[in-house]
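*Asks:* Task: produce atomic coordinates for the following.
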Amino acid sequence: MTLRKKLIFWYTTLIGVILIIFGAALFWFMRLALINSIDESLKETASVVILNGGIYTRSEFGAPDEVRVRVPQLDLFEATTMFIQVWQVGESPELVGQSTNLQNYEITPLDAPSLQHVGDPAQGPEGVLTNTLINGVSYRVLTRPFVFWGGSYAVQTATSLATVQQASRELIIVIAAGMLFALAGSSMMAMGFADRALKPVARLTEAARRIATTDDLSTRLEYEGPSDEIGQMNSIFNQMMARLENLFHVQQRFVADVSHELRTPLTAIRGNLDLIKRYGADQESLDAIQSEAERMSRLVADLLLLARADYGGLTLDLAPLDLDTTISEIYREARVLAKDRNLNVVIHDFDPVRVQGDADRLKQLFLNLVSNAIKFTPEGGSVTINLRRTYQDAVVEVIDTGIGIAQEDLARIFDRFYQADPARVRKGEGSGLGLSIARWITEAHGGRIEVTSQVGTGTTFTVFIPHIEEKPVMPHTEVTRPRLGVIRRSPNSQTTRVKP
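*Replies:* This next block holds a predicted model:
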């Protein structure tokens with residue numbers, strides 16, 4: 001079953017269930033209202049009979065020996081098929097009066113079981129209402145007890161339920177017809193809503209089909225509706241396609257860059273091997289081969305590190321360490337790297353601080369930054385290393401006075417194999433992976449790395465790593481009580497008050 005059919009089915013089913021519940025409740029309330037109206041009419045008629053029915057006694061001497069009831073001769077009783085009987089309750093109930101419209105009926109109680117239980121406390125003074133059949137017709141009967149001259153009597157009033165049953169049948173027909181009409185309308189509405197709701201999904205499916213058949217990653221969905229779930233789905237799809245397109249281009253560039261980076265040392269190695277075959281081995285050719293082989297080894301190692309980092313196969317051995325010790329080691333190695341050049345490598349700020357980190361990876365991170373600073377700083381320049389501690393982070397700065405980085409290149413400086421100006425890289429040095437590795441190591445430690453630069457002035461790389469030092473208590477800056485004026489003595493020994 002398609003999603004469209006499922007939506008129509010569930011929507012129509014839900015509407016159908018609601019209509020059935022509503023129809024049943026409407027039928028029940030309407031029937032209850034009709035029966036309550038009949039019950040009130042029966043109670044009023046019983047009250048009229050008891051109060052105004054002409055109850056009288058017959059006796060010659062002493063206590064009455066016979067009670068008779070004259071039921072009011074009201075045309076209303078006959079017109080509304082209201083039946084009335086008055087019974088004297090005893091061992092054998094005796095009819096003492098009835099309405100004129102019962103003269104042709106057999107003299108039997110309208111509701112014999114209720115009459116037998118007159119006086120039962122369960123019935124109460126208001127009597128009991130029951131449904132019974134009289135000559136095959138359903139009637140509503142009220143049996144109400146009363147006392148006259150010390151005797152127990154009961155009045156039974158009854159009226160036909162034919163009108164209620166007829167109204168109930170008509171109401172069922174009306175409700176059923178309304179439900180069928182509502183279900184048909186809801187089904188048509190569900191079809192329209194499903195088409196409208198699934199139209200963006202259809203566009204998404206068509207876009208995915210175009211991508212699968214034409215490899216067109218530039219496909220985007222156009223959407224002008226509100227920012228609801230459909231709008232968010234369209235936005236997320238477009239973001240996903242933009243990311244896929246970018247990753248595809250990155251992959252293409254990555255493969256091209258790797259091929260280029262590997263081709264250069266391989267070409268040099270093959271050239272030197274040809275020279276060795278022709279003229280024999282010489283130290284210069286062997287050194288060149290060794291240098292190019294080491295360069296390839298470093299490149300492959302960096303690529304392997306980033307690949308393992310991408311799929312989560314590279315983990316860090318985090319442990320408490322003194323970052324100032326690591327920075328001291330970096331400073332000593334930086335002086336060794338710059339020993340053959342006219343550069344000034346200094347440490348300016350140096351605050352002892354402890355972090356939770358991997359010593360080898362942090363050393364690799366800062367050595368990459370320092371070696372880049374030395375590489376791109378001209379003779380007579382300086383490289384400064386700072387280590388400071390803030391409230392939350394250990395902050396390491398590597399500042400150089402080198403050639404700088406253009407502003408348009410700063411956003412991509414951490415991309416793999418990206419080099420703002422290939423001419424800046426000396427032959428055989430650098431592959432464009434060092435800063436990518438540096439960013440990964442920083443983020444793996446829960447920190448961040450930032451760069452600011454100005455062409456011709458220099459570059460500053462700043463690394464923030466959370467430290468594990470005890471946080472200092474922040475000073476209380478709120479005023480806890482009003483400040484008092486300071487009492488001072490003037491040169492003339494007069495007391496003066498200085499306002500706070």
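*Asks:* rest of the way, CA atoms for contacts and neighbours
*Replies:* Noted.
*Asks:* where does residue 486 land on pLDDT?
*Replies:* Reported pLDDT at residue 486 in the predicted model: 41.
*Asks:* elements contacting the helix or strand containing residue 268?
*Replies:* Using DSSP states H and E, residue 268 sits within helix 229-279. In terms of contacts (3 or more C-alpha pairs under 8 Å, 6 or more residues apart in numbering; DSSP states H and E), helix 229-279 is packed against helix 162-214, helix 283-310.
*Asks:* so how far is residue 182 from the spatially most central residue of the chain?
*Replies:* Taking C-alpha atoms, centre = their mean, the centroid of the chain lies closest to residue 229, which sits 11.1 Å from it. Per C-alpha to C-alpha, to the nearest Å, residue 229 is found 29 Å from residue 182.
*Asks:* Can you add distance to residue 30 and give the helices and strands packed on helix 229-279 back as JSON lines?
*Replies:* Shown next, in JSON lines, are those (distance: least, C-alpha to C-alpha, whole Å):
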{"stretch": "helix 162-214", "distance to residue 30": "8"}
{"stretch": "helix 283-310", "distance to residue 30": "71"}
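*Asks:* ok, now which ones touch residue 8?
*Replies:* 187, 190, 191, 194 (C-alpha atoms under 8 Å, 6 or more residues apart in numbering).
*Asks:* cutoff 10 Å now
*Replies:* Going by C-alpha atoms under 10 Å, 6 or more residues apart in numbering, residue 8 touches 14, 186, 187, 188, 189, 190, 191, 192, 193, 194, 195.
*Asks:* Tell me the pLDDT of the closest residue to the third one other than its chain neighbours.
*Replies:* Spatial nearest neighbour of residue 187, excluding adjacent residues (C-alpha to C-alpha, 6 or more residues apart in numbering): residue 12 at 5.7 Å. pLDDT, the model's per-residue confidence, is 82 for residue 12.
*Asks:* For residue 12, give its distance to residue 192.
*Replies:* Applying C-alpha to C-alpha to residue 12 and residue 192 gives a distance of 12 Å.
*Asks:* joint contacts of the two?
*Replies:* Both residue 12 and residue 192 are contacted by residue 186, under the criterion C-alpha under 10 Å, 6+ apart.
*Asks:* who's more crowded, the two?
*Replies:* Neighbours per residue (other C-alpha atoms under 10 Å) separate residue 12 from residue 192, with residue 12 holding more: 22 against 13.
*Asks:* Just list the residues touching that one, thanks.
*Replies:* Contacts of residue 12 (C-alpha under 10 Å, 6+ apart): 6, 18, 182, 183, 184, 185, 186, 187, 188, 189, 190, 191.
*Asks:* how about the longest strand along the chain: buried residues?
*Replies:* Secondary structure assigned by DSSP state E gives strand 137-148 as the longest strand of the chain. Buried residues in strand 137-148, counted by 16 or more other C-alpha atoms under 10 Å: 138, 139, 140, 141, 142, 143, 144, 145, 146.
*Asks:* Direction included, what does it pair up with?
*Replies:* strand 128-134 (antiparallel), strand 151-160 (antiparallel) (DSSP bridges).
*Asks:* CA atoms of the last one as CSV?
*Replies:* It refers to strand 151-160. What follows is strand 151-160, C-alpha atoms only, in CSV (Å, rounded to 0.1, in the frame of the first residue of the first chain):
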residue,chain,number,x,y,z
GLY,A,151,-55.2,1.8,52.7
SER,A,152,-52.4,1.2,50.2
TYR,A,153,-53.2,2.1,46.6
ALA,A,154,-51.2,2.5,43.4
VAL,A,155,-51.8,4.5,40.3
GLN,A,156,-50.4,3.2,37.0
THR,A,157,-50.0,5.6,34.0
ALA,A,158,-48.8,4.4,30.7
THR,A,159,-48.3,5.8,27.2
SER,A,160,-47.1,4.2,24.0
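*Asks:* That one - what's its average pLDDT?
*Replies:* Strand 151-160 shows a mean pLDDT of 83.
*Asks:* Spell out which residues make up each domain of the protein.
*Replies:* 3-167, 229-310, 319-466 (automatic domain parsing).
*Asks:* Now the ones you listed in CSV, please, with extra columns for distance to residue 218.
*Replies:* Formatted as CSV, the domains of the chain follow (distance: least, C-alpha to C-alpha, whole Å):
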stretch, distance to residue 218
domain 3-167, 28
domain 229-310, 7
domain 319-466, 21
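*Asks:* re the thing from before, of the contacts of residue 12, just the buried ones, ChimeraX syntax please.
*Replies:* Buried residues among the contacts of residue 12 (16+ other C-alpha under 10 Å), as a ChimeraX selection:
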select :182,183,186,187,190,191
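*Asks:* quick check, nearest of the contacts of residue 12 to residue 110?
*Replies:* residue 18 (41.4 Å; C-alpha to C-alpha).
*Asks:* My understanding was that residue 281 contacts residue 288; is that so?
*Replies:* No: counting by C-alpha atoms under 10 Å, residue 281 stays clear of residue 288, with 11.7 Å between them.
*Asks:* what touches both of the two?
*Replies:* Contacts common to residue 281 and residue 288, judged by C-alpha under 10 Å, 6+ apart, are residue 272.
*Asks:* Counting neighbours, go ahead and name the busier of the two.
*Replies:* Per other C-alpha under 10 Å, whichever of residue 281 and residue 288 has more neighbours is residue 288, with 16 against 13.
*Asks:* Contact partners for the more buried one?
*Replies:* 265, 268, 269, 271, 272, 294.
*Asks:* Just confirm residue 132 contacts residue 143, I think it does.
*Replies:* No: Residue 132 is not in contact with residue 143 according to C-alpha under 10 Å; the separation is 11.9 Å.
*Asks:* For these two, list the residues in contact with both.
*Replies:* Counting by C-alpha under 10 Å, 6+ apart, the residues touching both residue 132 and residue 143 are 110, 111, 112, 158.
*Asks:* Please pick the buried ones from those.
*Replies:* 110, 111, 158.
*Asks:* With distance to residue 327 added, can I get those in a markdown table?
*Replies:* As requested, those are exported to a markdown table (distance: C-alpha to C-alpha, whole Å):
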| residue | distance to residue 327 |
| --- | --- |
| 110 | 110 |
| 111 | 107 |
| 158 | 107 |
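*Asks:* Could you measure from residue 304 over to residue 363?
*Replies:* Going from residue 304 to residue 363 by C-alpha to C-alpha gives 18 Å.
*Asks:* quick one: which of the helices and strands packed on helix 229-279 has the weakest pLDDT on average?
*Replies:* helix 283-310 (a mean of 76).
*Asks:* and the direction of that one versus that of helix 229-279, what angle?
*Replies:* Orientation check (axes from the mean of the first three to the mean of the last three C-alpha atoms, to 10 degrees): helix 283-310 against helix 229-279 gives 160 degrees.
*Asks:* Which is the succeeding secondary structure element to helix 283-310?
*Replies:* Assigned by DSSP H and E, the successor of helix 283-310 is strand 319-322.
*Asks:* Which neighbouring elements make contact with that next one?
*Replies:* Strand 319-322 sits against strand 354-357, helix 359-375, with contacts defined as 3 or more C-alpha pairs under 10 Å, 6 or more residues apart in numbering; DSSP states H and E.
*Asks:* buried residues in that strand?
*Replies:* Neighbour count says strand 319-322 has 321, 322 buried, by 16+ other C-alpha under 10 Å.
*Asks:* Note down every partner strand of that strand and its orientation.
*Replies:* With DSSP bridges as the test, strand 319-322 pairs up with strand 354-357 (antiparallel).
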